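Asks: no sequence for this one, just the structure:
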């Protein structure tokens, strides 16, 4: 039972255009969402997060949108750069967890073409 | 500030053996979590330690265990290795309880033959 799903295993965009990565979740107890970027042979790097009390959070070229009614979040990267090519994971956490447990989606491989 | 470090980076073991992986969190971080990444299952939560106490455990068999020391360093142990245990094992640290943002190490690539 996958509680966090990234339905697109890969995405290819042209440099300078917008990249939109999507993520769906099923557990209504999730109240905090994060995006991580992962390069080969490295651990995931924290990118941006959003609390369930917000519907948008922006950090430079990265914006995360949260639609709680649809249980859907998306990461927008504008403009996309070749260095953004990596695997992107969305993750979710629930406040009623005893600790810091993240549930991850399966990842989306983003390729930004020069 | 130094990041999360994991040792060893690569490991090859034989089925039936046991293995211990080590993780040193970012200085000052007290929570350490472990994740397993495989091509088929993605990133899955193993367990989390905070102040030497296990607070959460994922859905893994008892062959997977861990501990945390007073300096927040953590080890995980896998006994009676199976071929399916081949994976990238990632350690993540965070400052406090319910910090949400976790900072990952580079991982230990375990291959079981």
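Replies: Arrived safely. For clarity, every value in this text was computed on a predicted model and none was experimentally measured.
Asks: Quick one: check the helix or strand of chain B with the lowest mean pLDDT for contact with chain A.
Replies: Here the helix or strand of chain B ranked lowest by mean pLDDT, DSSP states H and E is strand B:53-57, holding a mean of 89. Yes - on the criterion C-beta under 8 Å from any C-beta of the partner chain, strand B:53-57 is in touch with chain A at B:55-56. Every C-beta, even on glycine, is put in place using the N, C-alpha and C of the backbone.
Asks: So which bits of the helix or strand just after that strand are buried?
Replies: Next along the chain after strand B:53-57, taking DSSP states H and E as the criterion, comes strand B:64-68. By neighbour count on 16 or more other C-beta atoms under 10 Å in any protein chain shown, the buried set for strand B:64-68 is B:64-66, B:68.
Asks: List the buried residues of the least confident helix or strand of chain B.
Replies: Buried positions in strand B:53-57, judged by neighbour count with 16+ other C-beta under 10 Å: B:55-57.
Asks: In contact with residue A:23, which residues?
Replies: Residue A:23 is in contact with A:4-6, A:33, A:72-75, A:90, A:105, counting by C-beta atoms under 8 Å, 6 or more residues apart in numbering or on different chains.
Asks: most surrounded residue in the residues you listed?
Replies: Per-residue neighbour counts (other C-beta atoms under 10 Å in any protein chain shown) across those peak at residue A:90, which has 28 neighbours.
Asks: Provide a list of residues in contact with that residue.
Replies: Residues near residue A:90 by C-beta under 8 Å, 6+ apart: A:4, A:6, A:21, A:23, A:33-36, A:73, A:75, A:104-105.
Asks: thinking again about what came up before, may I see the buried residues of strand B:53-57 arranged in CSV, with distance to residue B:36 as well?
Replies: Conversion of the buried residues of strand B:53-57 to CSV gives the following (distance: C-beta to C-beta, whole Å):
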residue, distance to residue B:36
B:55, 18
B:56, 14
B:57, 13
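Asks: Among those, which one lies nearest to residue B:87?
Replies: Closest approach to residue B:87 among the buried residues of strand B:53-57 (C-beta to C-beta): residue B:57, at 17.2 Å.
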